[in-house]
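Student: Predicted model and sequence below, questions to follow.
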Amino acid sequence: MTLGIIFEISTKNYIDDLLVIKKSLSHMETLVGGYNGYTLSEPSIKFGWTFFNLSFKSNLQQGIEEKFADMLSKYRFKNSPQKFTQFMTDYFQSKGCSIRIKVLD
């Protein structure tokens, strides 16, 4: 299975946010019919923030992009990675996560 987009997640409340992220992604996997569609790296702590990578497998990313195409199209970014990043940021925040997301090249 090929990897899709990779995010660097930043949080000040790692334990709580990680639980919300896992629950949210599990729910998303159920919605789009993609299982085992992401991986999480080991966290590192710097300056009171915890950083870790969230890697989407292409099947989950494509499923999300297809299922929520109408919502993604409303974002005013030019490229798909920026739209997907903002969509996932909004999705996690709607679930109670206060995280920052950055796309890794």
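Tutor: Happy to help now that I have it.
Student: any chance you could map the helices in this structure?
Tutor: Applying DSSP state H to the chain gives helices spanning 14-32, 58-67, 69-72, 80-94.
Student: excluding its backbone neighbours, what's nearest Y91?
Tutor: S24 (6.6 Å; Cβ to Cβ, 6 or more residues apart in numbering). The C-beta positions use only the backbone N, C-alpha and C, and glycine is treated the same way.
Student: Kindly report the same for Y14.
Tutor: T50 (3.9 Å).
Student: Is that neighbour in contact with I15, as I believe?
Tutor: No. T50 is beyond contact range of I15, at 9.0 Å (criterion: Cβ atoms under 8 Å).
Student: who's in contact with the most centrally placed residue in the chain?
Tutor: Nearest to the geometric centre of the chain sits M88, at 4.9 Å (Cα atoms, centre = their mean). For M88, the contacting residues are F7, I64, I101, by Cβ atoms under 8 Å, 6 or more residues apart in numbering.
Student: Out of these, who's the most crowded?
Tutor: Within the contacts of M88, most neighbours by other Cβ atoms under 10 Å means I64, with 25 neighbours.
Student: before we move on, back to that, how many neighbours does the residue nearest to Y14 have?
Tutor: Neighbours of T50 using other Cβ under 10 Å come to 18.
Student: just to revisit the earlier point, minimum distance to T2: which of the helices of the chain has it?
Tutor: Among the helices of the chain, the nearest to T2 by Cβ to Cβ is helix 58-67 (4.7 Å).
Student: just for the protein, where's the confidence low?
Tutor: For the chain, applying pLDDT under 70 flags the ranges 1, 105.
Student: let's see 90
Tutor: 1-4, 33-35, 58, 72-82, 105 (pLDDT under 90).
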